[in-house]
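>>> just need the structure, nothing else, for what follows:
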Amino acid sequence: MQSAAFGADRADELLGALGEQLAALGQRFVLVVIGGSALLALGLVQRATRDVDVLAIAAAEGLVPADPLPPALAQARDLVAQDFGLPADWLNPGPSDLLRLGLPEGFLSRVETRGYGAALTVRYAGRLDQIHFKLYAMVDQGAGRHETDLRTLQPTAEELGRAARWTRTHDPSEGFRQELEAVLAHLGVADADLDA
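All right, here's what the predicted structure looks like:
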């Protein structure tokens, strides 16, 4: 099995192959993707990633959670994993809970859309929304790559304040607030209004 980490060109290749598999199955999907692969696709970071994080699937009724992946999408993903020697979770619905808890206001107006053949369209989360998600992940999971990505995105104090207020809608606990304040201070923002 090959290394699970891949860059932007490889991610495009994998998604192109996924589109081909979906077409062969007579299926079509529109995926909403966040995280490292989205940052790579938009040219916002240059690091490798290990997976494609599917936040949601666009359907006639709007965005629906990607968890669990629909059977045809999971089948196509598994075929691509076999062909490229990747773990099956190279495409996964890990961040679906973010959709259930609510996306940043105006999220869909900021996505960048790319087509991978006739059967697959991917909507990548925009920079501002990635700042929201990366700040939440940094507070929730610790610094590491989340801090690295966040610093690479070079958010302004206003953008971090906006993202911080959004994170509070996902976890209003006092413990989270204290950790959020510590992370913001670490990032150079000491006076964000977290209750606006």
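
>>> can you show me the helices along this protein?
Assigned by DSSP state H, the chain shows helices spanning 8-24, 36-41, 71-84, 96-101, 127-141, 144-153, 157-170, 174-186.

>>> just so I know, which of those helices lies nearest residue 117?
Nearest to residue 117, of all those, is helix 8-24, at 3.5 Å by C-beta to C-beta. Placement of C-beta: from N, CA and C, glycine included.

>>> which neighbouring elements make contact with the closest one?
The helices and strands touching helix 8-24, judged by 3 or more C-beta pairs under 8 Å, 6 or more residues apart in numbering; DSSP states H and E, are helix 36-41, strand 52-59, helix 71-84, strand 120-124.

>>> so which bits of that helix are buried?
For helix 8-24, burial by neighbour count (16 or more other C-beta atoms under 10 Å) applies to 8, 10-12, 14-15, 17-23.

>>> which single one of those residues is nearest to residue 131?
Lowest distance from residue 131 to the buried residues of helix 8-24 (C-beta to C-beta) belongs to residue 8, with 19.6 Å.

>>> that closest one against residue 41, yeah?
Yes. At 6.3 Å, residue 8 counts as touching residue 41 under the criterion of C-beta atoms under 8 Å.

>>> save the helices and strands packed on helix 8-24 as a markdown table, and put in mean neighbour count too.
Below are the helices and strands packed on helix 8-24 laid out as a markdown table (neighbours: other C-beta atoms under 10 Å):
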| stretch | mean neighbour count |
| --- | --- |
| helix 36-41 | 24 |
| strand 52-59 | 22 |
| helix 71-84 | 17 |
| strand 120-124 | 22 |
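
>>> the residue positioned nearest the centre of the chain pairs with what?
Most central in the chain under C-alpha atoms, centre = their mean is residue 34, positioned 1.5 Å from the mean C-alpha point. Counting by DSSP bridges, residue 34 is bridged to residue 53.

>>> who are the contact partners of residue 162?
Shown in contact with residue 162 (C-beta atoms under 8 Å, 6 or more residues apart in numbering): 104, 128, 132.

>>> neighbour-wise, give me the winner out of the residues you listed.
residue 132 (25 neighbours; other C-beta atoms under 10 Å).
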